[in-house]
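> What follows is a protein structure lacking sequence information:
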């Protein structure tokens, strides 16, 4: 079984969009069995402002947005209002690795 965790960290749309597109296409085309997105750091700010990317990253399943960083960046309320799935991402990332997910970072 092929599983990929796509860790989105860049605040640069040109760097982030290819990872999101690959994840969505990999899922829709059956290239891999499962894709999960983790939205972390500067990418949270970008997705807060970019509705198209926000919708794409949540197309597969609710993505995991880092609660701690959203709080420290003072964007928690804005992300909640947008419908972001804010959680403590540390344990879900560790569990995905234990489950055999390959991690790709953009």
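Good, I have the coordinates. No experiment lies behind these values; they were computed from the predicted model shown.

> Which strands and helices lie in contact with the longest helix anywhere in the chain?
Identified as the longest helix of the chain according to DSSP state H is helix 13-29. Counting contacts by 3 or more C-beta pairs under 8 Å, 6 or more residues apart in numbering; DSSP states H and E, helix 13-29 packs against strand 3-8, strand 34-39, helix 42-49, helix 51-57, strand 102-105. C-betas here are computed from N, CA, C, even on glycine.

> swap the cut-off to 7 Å and go again
strand 3-8, strand 34-39, helix 42-49, helix 51-57 (3 or more C-beta pairs under 7 Å, 6 or more residues apart in numbering; DSSP states H and E).

> so it versus strand 3-8, what angle?
Angular relation of helix 13-29 and strand 3-8 on a 0 to 180 degree scale: 160 degrees, by axes from the mean of the first three to the mean of the last three C-alpha atoms, to 10 degrees.

> Tell me which of the helices and strands packed on helix 13-29 is the most buried.
strand 34-39 (a mean of 24; mean count of other C-beta atoms under 10 Å).
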